[in-house]
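Q: Please work out how this folds:
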Amino acid sequence: MASVHAAVALTQAAFQVAGRRFWPGVGFATEKTGVQMGGLVSEEYPAGARENEGSDLLRGFRITHVLDCIADPKKNRVIARLSDDVSPVFPYVNAVLPGVLYNPEAQTLTIRRGVRLLTFYPRLAIFAKVDGEADAIAQLQWFQDLCNDLWRRRAELTPRLERQRLLGPLDVYNLLPRKNCQACGERTCMAFAFSLLLGLRRFEACPHLTEEPYAEAGRRLAELLQAAGWHNASEPVVRPEGEPRIDPVT
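A: Next comes the predicted model:
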């Protein structure tokens with residue numbers, strides 16, 4: 001939590017240079033996202049900016065930082081400023097997307113897309129486990145489209161103000177065979193539960209979930225995963241080379 005507060009404080013540290021407002025950058029110029037000036041990125045040309053159609057809640061965004069991801073050094077943590085306060089749309093996103101983490105008191109919204117964690121504040125976005133700047137821009141554009149679409153249709157929707165119950169590793173583990181047979185590629189069923197939720201393994205990686213006497217629990221698990229918004233494609237996920245297995249202490 002301290003690192004999040006530090007990141008928020010860092011992006012709020014604006015200052016003036018030659019009469020124009022600048023925000024701390026990461027020492028590189030991004031095509032069509034800003035003007036670099038000694039490692040600073042100007043507000044002058046925000047990325048994702050669109051003509052204001054009157055009904056758009058989020059008009060644009062601008063990436064200010066691309067950093068190494070703490071959880072996975074092969075991925076990136078990205079910080080972006082949003083042109084507008086998007087918190088009014090959070091209850092509508094919470095209503096239509098399964099598996100999101102909405103905190104109405106703190107006005108934050110976290111969405112899981114693949115292995116990415118996208119956290120939105122009223123005028124700020126902090127992403128974890130994204131594949132560089134291009135991927136971050138794609139996620140921001142996706143959210144911008146979602147945000148504006150839901151905002152235009154808000155009269156047709158019922159906002160969801162309460163928090164969703166998130167699917168956790170113990171929920172998954174309790175529906176697994178718990179044989180620790182390693183057929184899935186993990187050392188234990190608990191490790192498989194973590195990998196399943198992190199997107200490193202697919203449901204089908206456990207061959208016993210479609211066999212008796214585990215088939216009924218397998219069907220229940222598939223329903224829970226689908227309801228919670230966890231993608232469950234049939235193709236196996238290839239673990240990145242050199243990535244260690246997950247072997248939590250149980």
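Q: C-alpha from now on. contacts and neighbour counts both.
A: Noted.
Q: ends of stretch 152-166, how far apart?
A: Using C-alpha to C-alpha, to the nearest Å, the end-to-end distance of stretch 152-166 comes to 28 Å.
Q: the strands in the chain, which residues?
A: Assigned by DSSP state E, the strands in the chain fall at 15-17, 20-24, 36-37, 40-42, 61-68, 76-82, 101-103, 108-113, 116-121, 124-130.
Q: Adding mean pLDDT, write those out as a markdown table.
A: What follows is these, written out as a markdown table (pLDDT from 0 to 100):
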| stretch | mean pLDDT |
| --- | --- |
| strand 15-17 | 35 |
| strand 20-24 | 37 |
| strand 36-37 | 28 |
| strand 40-42 | 35 |
| strand 61-68 | 93 |
| strand 76-82 | 94 |
| strand 101-103 | 88 |
| strand 108-113 | 89 |
| strand 116-121 | 91 |
| strand 124-130 | 93 |
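Q: Tabulate those strands (a markdown table), appending mean neighbour count.
A: Formatted as a markdown table, the strands of the chain follow (neighbours: other C-alpha atoms under 10 Å):
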| stretch | mean neighbour count |
| --- | --- |
| strand 15-17 | 10 |
| strand 20-24 | 16 |
| strand 36-37 | 16 |
| strand 40-42 | 23 |
| strand 61-68 | 22 |
| strand 76-82 | 24 |
| strand 101-103 | 19 |
| strand 108-113 | 19 |
| strand 116-121 | 20 |
| strand 124-130 | 23 |
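Q: closest one to R202 among the ones you listed?
A: Nearest to R202, of all the strands of the chain, is strand 108-113, at 14.9 Å by C-alpha to C-alpha.
Q: Next, the angle from that closest one to strand 124-130.
A: Strand 108-113 and strand 124-130 are oriented at 30 degrees to each other (axes from the mean of the first three to the mean of the last three C-alpha atoms, to 10 degrees).
Q: Partner strands of strand 108-113, with direction?
A: Strand 108-113 has the following strand partners under DSSP bridges: strand 101-103 (antiparallel), strand 116-121 (antiparallel).
Q: Please work out how many residues are found near the nearest residue to L224 once chain neighbours are set aside.
A: With sequence-adjacent residues excluded and distances taken as C-alpha to C-alpha, 6 or more residues apart in numbering, L224 is closest to L167, at 7.7 Å. L167: 16 surrounding residues under other C-alpha atoms under 10 Å.
Q: re the thing from before, right, and the strands paired with strand 108-113 - which one's nearest R160?
A: Of these, nearest to R160 by C-alpha to C-alpha is strand 101-103, at 9.4 Å.
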